[in-house]
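Asks: The following comprises the amino acid sequence and a computationally predicted model.
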Amino acid sequence: MIRPLVLIVDDEPQILRFLEPALKAGEFEVITAMTGSQAVKTAATKAPDLILLDLGLPDKDGKDVIRELRSWSQVPIIVLSARDREVEKIEALDLGANDYMNKPFGIGELLARIRVHLRERKGKEAATSVYQSNGITINIAKHTITKNGQPIHLTPKEFDLVALLVKNSDRVLTHKHILNVIWGPAHMYDVQYLRVMIGQIRQKIESDPSDPEILLTEAGIGYRLKGDGKN
């Protein structure tokens, strides 16, 4: 069974020494980052299932990290911070953090909260497993796609890309993020790979590939799937 991957972002070695073995004993894989910049890069390249984030980082405020992550990712974020002022909690949650725990905290409660947020994420992904728009039906669970009831053949990579867009329906995904997820970190800057595949997919699903209505381009940024799909 694949263990969920948790990214711990904290610059205190004693916290890392405490959390790493505790999470591994709780059946999680663990990676770490000690700066905000490293956290964003690691999240983009390793695609963790959940992030534990300290707000007091050496290079930038943790709230800025949340803001950056939420521009392209909905990965669950649990803030672990010694800042106990209510305004700090509100700001972090308003920016998109899923939960907030004050230091010191009990490992049992932390593990329980991690499991809750992972279950919620799994449920949301299951709820968005079917997409319908403009005669196109995409069923991620069944690995099928039809146009006006007729099956469409996609290559495995093409389907992986479409599935990624379905799971992030109406959200702009950057070129870099898509390339990392579909082709891996070594190809994060090979935008031409992505353009070619997008063109191939449009030929199969769009009524007019030169004027797409489903798979949309955000100039200079990336792509998004039209957001009026019905689950």
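Replies: Now that the structure is in, tell me what you want to look at. Numbers count the residues shown, from 1 in each chain.

Asks: Okay, Arg3 and Tyr223: tell me how far apart.
Replies: 31 Å (Cβ to Cβ, to the nearest Å). For every residue, glycine as well, the C-beta is placed using N, CA and C.

Asks: of the two, who's got more company?
Replies: Neighbours were counted for Arg3 and for Tyr223 using other Cβ atoms under 10 Å; Tyr223 has more, 22 against 13.

Asks: Give the other helices and strands that the strand or helix carrying Tyr131 contacts.
Replies: Per DSSP states H and E, Tyr131 falls inside strand 130-133. Here strand 130-133 touches strand 136-139, going by 3 or more Cβ pairs under 8 Å, 6 or more residues apart in numbering; DSSP states H and E.

Asks: What residues sit buried inside the longest helix along the chain?
Replies: For the chain, the longest helix by residue count, based on DSSP state H, is helix 107-127. Across helix 107-127, burial judged by 16 or more other Cβ atoms under 10 Å covers Leu110, Leu111, Arg113, Ile114, His117, Leu118, Arg121.

Asks: Give the helix, strand or coil label for the residue nearest the centre of the chain.
Replies: Residue closest to the average C-alpha location in the chain (Cα atoms, centre = their mean): Ser73, at 3.8 Å. Following DSSP: H, G, I helix; E, B strand; the rest coil, Ser73 is assigned to coil.

Asks: close enough to count as contact, it and Ala43?
Replies: Yes: contact criterion Cβ atoms under 8 Å: Ser73 and Ala43 qualify, at 6.5 Å.

Asks: Any stretches of the chain with poor pLDDT?
Replies: Within the chain, the stretches with pLDDT under 70 are 1, 124-128, 228-231.

Asks: now do 80
Replies: Counting by pLDDT under 80, the chain has low-confidence residues at 1, 72, 84, 122-129, 141, 169-171, 184-185, 227-231.

Asks: quick one, domains of it?
Replies: 5-126, 129-225 (automatic domain parsing).

Asks: So Leu52 belongs to a strand, correct?
Replies: Yes: counting by three-state DSSP, Leu52 falls inside a strand.

Asks: Do you have the helices of this protein handy? List them.
Replies: 13-25, 36-46, 62-70, 86-95, 107-127, 156-167, 175-183, 191-205.

Asks: Quick one, which of the ones you listed gets closest to Gly56.
Replies: With Cβ to Cβ as the measure, helix 62-70 is the member of the helices of the chain nearest Gly56 (6.9 Å).

Asks: Buried residues, that closest one. List them.
Replies: Gly62, Lys63, Val65, Ile66, Glu68, Leu69.

Asks: Take the residues you listed and write them to a markdown table, including distance to Leu7.
Replies: Shown next, in a markdown table, are these (distance: Cβ to Cβ, whole Å):
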| residue | distance to Leu7 |
| --- | --- |
| Gly62 | 13 |
| Lys63 | 17 |
| Val65 | 11 |
| Ile66 | 13 |
| Glu68 | 14 |
| Leu69 | 10 |
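
Asks: which one of the residues you listed is nearest Glu29?
Replies: Nearest to Glu29, judged by Cβ to Cβ, of these is Leu69 at 19.1 Å.

Asks: what residues are up against the closest one?
Replies: If you count contacts by Cβ atoms under 8 Å, 6 or more residues apart in numbering, Leu69 has them with Val40, Ala43, Ile51, Val75, Ile77, Gly96.

Asks: which one of those is nearest Trp183?
Replies: Trp183 has its nearest neighbour among those in Ala43, at 17.3 Å by Cβ to Cβ.
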